[in-house]
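J.: Pasting the sequence and the predicted model now:
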Amino acid sequence: MGRYFEWHYSGDPFDLFGLPHLITLAIVVLGVVGLIVFRKRFSKRARRNWRYGMAALLIVNEVAGHIWYWRVGVWDISFMLPLHMCSLFVWLTAIMLLTRSYRIYEFAYFLGIGGAIQALITPNVGPFGFPHFRFFQAFFMHAPIVLGSVFMTTVEGYRPTGKSLLRVAVGTNLYMAAIFGINMLLGSNYMFIAQKPPTASLMDYLAPWPWYILEIEAIGAVICLVLYLPFAIGDWRKRR
């Protein structure tokens, strides 16, 4: 059992779109579909329990990840601070679920869902394949970010607005500017704006540094517009 927590893992490496990866993605999709289909069947108590339970899962899983990196002796300030987009939204999503914060929801809906989906499709888990701890920790980190925002949308009735898009665009660029300075100070690569991630990702298909940052901004804008599209269509239909 202990070998599934080792840093020098001797088991099967992570297989992108292998059977364990596909099953995990299918479970996440089923979770999203379930929230949409059964959105009206949640009682007030069930909604509260779901929010608190998902927030607890996010926090416990993230703390467990930090403990594991520390125990294997590789925890480092240059990559373990909660400054990557998904690491940040672990905590923001947990706070959103506990407090039902709409302001956090605006950012979590666009950036949390958009970033976590990319991380689920091409997870940065290194060589740690199923059933290593890191495999589970990565998916328990990203899946609740998606499910949390979907829950707040479908069950709690939250929705983004056009002003939400503007706030997200301005806030994201200010955050990226701050992270750029932190990366220069620490020699880190938070948000992968100093270089592309070492493992396979969608960034592999983008231009070299620094031009891929502009491409990421453009892709992010498209993703945000796609996520907003259902609400824009709904508003258009109401006006008619």
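T.: Perfect, thanks for sending it.
J.: From here on, just use CA atoms for contacts and neighbour counts.
T.: Fine.
J.: How is Pro197 classified with respect to secondary structure?
T.: coil (DSSP: H, G, I helix; E, B strand; the rest coil).
J.: Contacts only, for it.
T.: By Cα atoms under 8 Å, 6 or more residues apart in numbering, the contact list for Pro197 reads Asn124, Met203.
J.: can you tell me how far it sits from Ile121?
T.: The gap separating Pro197 from Ile121 is 14 Å, by Cα to Cα, to the nearest Å.
J.: again, but for Gln137
T.: On the measure of Cα to Cα, Gln137 and Ile121 end up 15 Å apart.
J.: ok, the residue nearest in space to the middle of the chain - contacts?
T.: With distances taken as Cα atoms, centre = their mean, the residue of the chain nearest its centroid is Ala116 (2.7 Å). Applying Cα under 8 Å, 6+ apart to Ala116 gives the contacts Cys86, His142, Ala143, Ile145, Val146.
J.: Go through these and say which is closest to Glu215.
T.: When these are compared for distance to Glu215 (Cα to Cα), Cys86 wins out at 19.0 Å.
J.: quick one: that closest one and Gly115 touch, right?
T.: Yes - proximity of Cys86 to Gly115 meets the contact threshold set by Cα atoms under 8 Å, at 6.4 Å.
J.: Pick out whichever of those two has more residues nearby.
T.: Legend: neighbour count by other Cα atoms under 10 Å for Cys86 and Gly115, higher for Cys86 (24 against 20).
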